[in-house]
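**Student:** mind folding the following:
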Amino acid sequence: MVGEFTGKFDREILKSHLVDPAQQQREREQREQQRLEQELHQIGKIIDHRRKFLLERFANALADEETPPPGVPGMALRFEPDGVLRKAKFVLRARPNDSRLAIVIEARYEIAGLQHPSYDYITLPVTQVDLERARRFIEAKLIDFARAYVG
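**Tutor:** Residues are numbered from 1 along each chain as shown. Below you'll find the predicted structure:
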């Protein structure tokens with residue numbers, strides 16, 4: 001037989017302390033998820049700006065079927081041969097890593113006539129995403145591709 005005090009203690013104090021840490025954990029995970037999505041959105045803006053630049057700069061650039069799905073920042077462009085320039089493909093995308101503790105920005109390009117495709121990536125910790133570093137990486141990979149493609 002449980003006394004009134006013990007029953008009240010179990011109901012009000014023990015249960016509130018047992019539920020509270022789980023609730024706090026869910027709220028913290030939600031905040032981290034929102035922050036991750038905001039950072040990916042910012043990186044997506046940088047990628048989209050550079051995608052527009054490539055499409056304006058190269059008349060033979062077309063969106064590729066490999067374009068990331070909606071909500072995933074990135075671009076995939078294919079370049080058709082036009083007599084002067086060769087066939088090529090350029091893919092740039094950002095995604096959270098498997099543990100969701102970092103954002104991975106991947107750049108890959110393949111140009112007809114080159115021996116092997118180029119692949120590079122950068123990892124940015126979610127706790128301190130450096131958008132300037134992300135922008136520099138994106139622009140550097142774009143310049144690497146342009147030099148190899150035109151040169």
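
**Student:** bridged to the nearest residue to F79 once chain neighbours are set aside, which residues?
**Tutor:** Leaving out its chain neighbours, the residue that sits closest to F79 by C-beta to C-beta, 6 or more residues apart in numbering is A88, at 4.1 Å. (C-beta placed from N, C-alpha, C; glycine too.) Beta-bridge partners recorded for A88 (DSSP bridges): F79, I111.

**Student:** contacts only, for A88.
**Tutor:** By C-beta atoms under 8 Å, 6 or more residues apart in numbering, the contact list for A88 reads R78, F79, Y109, E110, I111, A112, F145, Y149.

**Student:** my guess is the first one contacts L55. True?
**Tutor:** Okay, so that is R78. No. At 11.6 Å, R78 does not count as touching L55 under the criterion of C-beta atoms under 8 Å.

**Student:** which one of the two has more residues nearby?
**Tutor:** R78 (17 against 14; other C-beta atoms under 10 Å).

**Student:** residues in contact with the more buried one?
**Tutor:** Per C-beta under 8 Å, 6+ apart, neighbours of R78: A61, L62, A63, D64, K87, A88, K89, F90.

**Student:** quick one, what contacts the fifth one?
**Tutor:** Residues in contact with K87, defined by C-beta under 8 Å, 6+ apart, are R78, F79, E80, P81, I111, A112.

**Student:** report pLDDT for it.
**Tutor:** K87 is assigned a pLDDT of 92 by the prediction.

**Student:** how about the last one?
**Tutor:** The model reports F90 with a pLDDT of 93.

**Student:** element containing it, please.
**Tutor:** strand 88-96 (DSSP states H and E).

**Student:** where's F137, which helix or strand?
**Tutor:** Counting by DSSP H and E, F137 is found in helix 131-150.

**Student:** same check, this time on G113
**Tutor:** Using DSSP H and E, G113 sits within no helix or strand.

**Student:** strands along the protein, start to end?
**Tutor:** Taking DSSP state E as the test, the strands found in the chain are 61-63, 74-79, 88-96, 102-111, 118-125.
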